[in-house]
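**Q** based on what follows, work out the 3D shape:
(4 chains)
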2 protein chains.
Amino acid sequence: MVPTKVKNADTSATIEADGKPVGKVGAKVRPLTRIQREKQNVILEAALEVFAVHGFRGSTIDQIADVAGMSKPNLLYYFPRKEEIHRRLISELLVTWLAPLREMDADGDPFPEIRSYIRRKLEMARDYPRESRLFANEMLQGAPHIIEMIEVDLKNLVDEKAGILLGWMDEGKLARTDPYHLIFSIWATTQHYADFDVQVRAVLGPSRGGEGRFEDAARYLEQLFLYGLTPRSKP
Amino acid sequence: MVPTKVKNADTSATIEADGKPVGKVGAKVRPLTRIQREKQNVILEAALEVFAVHGFRGSTIDQIADVAGMSKPNLLYYFPRKEEIHRRLISELLVTWLAPLREMDADGDPFPEIRSYIRRKLEMARDYPRESRLFANEMLQGAPHIIEMIEVDLKNLVDEKAGILLGWMDEGKLARTDPYHLIFSIWATTQHYADFDVQVRAVLGPSRGGEGRFEDAARYLEQLFLYGLTPRSKP
DNA sequence: AAGAATTTTGACCAGTTGGAAAAATGTTAG
DNA sequence: CTAACATTTTTCCAACTGGTCAAAATTCTT
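**A** As a prediction, the model looks like this:
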């Protein structure tokens, strides 16, 4: 049997995260087969698991293949290079990662908006900790793979939302303060529960370190962002 | 010349971070030579640089030796294994890392105490970002090398300080809230400026991303922790 | 059911990695 | 100055790494 040099495996590298094929003009682009779709997902899932913990350089294809339950050459049939897997994960990540911030609505009132933004971010830390860690790993390394997206897309989004916050401050609905650092503090406090999960659990101990910690965190953060730590007289 | 199986290189593994030799009983323990002290520091410095960015598995001895300006075998003469370097860095780290929290004084007033704790942590993020990233890397991996220290030393320290915070709350000097999550939020917001530095700079842009960002952060965080975001009428 | 295409496997390879051994060179206390 | 020790360099190695390739096995399509 003459191996047909696996045409579709090649195309896998030309399929963007949104699924739109963008091969060279004239290149015959077959749609992905069922197996290709399934296996690619299995691989991406496994890679997320591994990359999130060990970072790009600290992770091996063997490790990923192992978690994915297939052989290394088999994995390489779907993603011809390690970098390809990582790129796919990272570019998908940024989109979902910023979705909560996108939802912050200028027409809403500041406190409900900020409150639900914090909730959503906290839910993401709870439900997608691996994505959070993958992102953190990338940041620790100086964001080599996404620096331009950070500098353009992320910056634009934050500029826009900072504008909204400033508007609220002008209307007297929100304390006048630095909107950028405000956003940073929301990111930091929420992602902390994913990225530093071990520490959080260890410090809270078995009694308070269970799933309830996210509800406790939500309550605490709500108070912090609303009133800070100054004691208030009972209403 | 018969190589004397490099006794001192062996002892380097038996010197704890505090410099107290703790070799087996009866083992002749020579004091470190000038060169040993110097080179060990050069190596640790280089290793910090590399480990902070790529994590343990993602870093190679060659890389570290390169940054340290020596050959790999030469480096291995001082630290016979890669793990040894990492262990030294990590155990020194935890001590300095927790120093600011240790200083929080029950006899002081809550706001000055919390305020200067935040300042100190922010200064550490500014002046020792590599240490912060090394720590973050370790956390992301599930703290494999320091889990017991986290579970014992760190937990005890935090328990103690949480007790102090609770005391202040009982006295009505501090808003009643969760003292553990309060401490987490200080860690998160301050370390963010070291660990996510690229992101912070990129989002702030060239105009506001300079050194002034730490002063801005300090001002913002002070307000956040004091009053939150609720607008106050002018005094 | 057969032929074509896709998927999986096993053997392999060149470069890198952590580390060992020994020889060559420096340093220093007496 | 020199013997004893400390340091550095050179050479080497086995395991691991990312990746290739052809053959075998499986799945589709008609």
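
**Q** over to A:Ser59: give its phi and psi.
**A** phi -100, psi 150 (degrees, to the nearest 10).

**Q** the nearest residue to it once chain neighbours are set aside: what's it in contact with?
**A** Spatial nearest neighbour of A:Ser59, excluding adjacent residues (CB to CB, 6 or more residues apart in numbering or on different chains): A:Val50 at 4.6 Å. Using the backbone N, CA and C atoms, a C-beta is placed for each residue, glycine as well. Shown in contact with A:Val50 (CB atoms under 8 Å, 6 or more residues apart in numbering or on different chains): A:Ser59, A:Gln63, A:Ile64, A:Val67.

**Q** and the gap between A:Val50 and A:Ile61?
**A** Applying CB to CB, to the nearest Å, the value for A:Val50 to A:Ile61 is 10 Å.

**Q** one more: A:Trp187?
**A** In terms of CB to CB, A:Trp187 sits 32 Å off from A:Ile61.

**Q** who has more neighbours, those two?
**A** A:Trp187 (20 against 17; other CB atoms under 10 Å in any protein chain shown).

**Q** correct me if wrong: that one contacts B:Asp195.
**A** No: counting by CB atoms under 8 Å, A:Trp187 stays clear of B:Asp195, with 11.0 Å between them.

**Q** so what's the residue count around A:Glu215?
**A** Neighbours of A:Glu215 under the rule other CB under 10 Å: 11.

**Q** kindly report the same for A:Gly163.
**A** By the criterion of other CB under 10 Å, A:Gly163 has 12 neighbours.

**Q** residue contacts, it?
**A** Contact analysis of A:Gly163 by CB under 8 Å, 6+ apart lists A:Pro179.

**Q** give me the nearest residue to A:Asp153, chain neighbours excluded.
**A** The nearest residue in space to A:Asp153 (CB to CB, 6+ apart) is A:Leu94, at 7.3 Å.

**Q** my guess is A:Pro112 is in a strand, correct?
**A** No: judged by DSSP: H, G, I helix; E, B strand; the rest coil, A:Pro112 forms no part of a strand; its state is helix.

**Q** what are the ranges of the helices in chain A?
**A** Residue ranges of the helices in chain A, as given by DSSP state H, are A:7-12, A:34-58, A:61-68, A:72-78, A:82-102, A:110-127, A:129-140, A:147-149, A:155-170, A:179-195, A:197-208, A:212-227.

**Q** mean confidence for the first one?
**A** Over the span of helix A:7-12, the pLDDT mean works out to 37.

**Q** pLDDT score assigned to the residue nearest in space to the middle of chain A?
**A** Residue closest to the average C-alpha location in chain A (CA atoms, centre = their mean): A:Trp97, at 3.9 Å. If you check A:Trp97, the pLDDT there is 91.

**Q** ok, how many other residues are close to the nearest residue to it once chain neighbours are set aside?
**A** Distances taken as CB to CB, 6+ apart place A:Phe135 nearest to A:Trp97, at 6.2 Å, with adjacent residues excluded. The tally of other residues near A:Phe135 (other CB under 10 Å) stands at 23.

**Q** list the residues that contact A:Val67.
**A** So A:Val67 contacts A:Ala46, A:Glu49, A:Val50 (CB under 8 Å, 6+ apart).

**Q** distance to A:Tyr227 and pLDDT for these - can I get that in a markdown table?
**A** Shown next, in a markdown table, are the contacts of A:Val67 (distance: CB to CB, whole Å; pLDDT from 0 to 100):
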| residue | distance to A:Tyr227 | pLDDT |
| --- | --- | --- |
| A:Ala46 | 44 | 98 |
| A:Glu49 | 40 | 98 |
| A:Val50 | 42 | 98 |
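
**Q** just to revisit the earlier point, ok, the residue nearest to A:Asp153 - contacts?
**A** A:Leu94 neighbours (CB under 8 Å, 6+ apart): A:Ile146, A:Met149, A:Asp153, A:Leu154.
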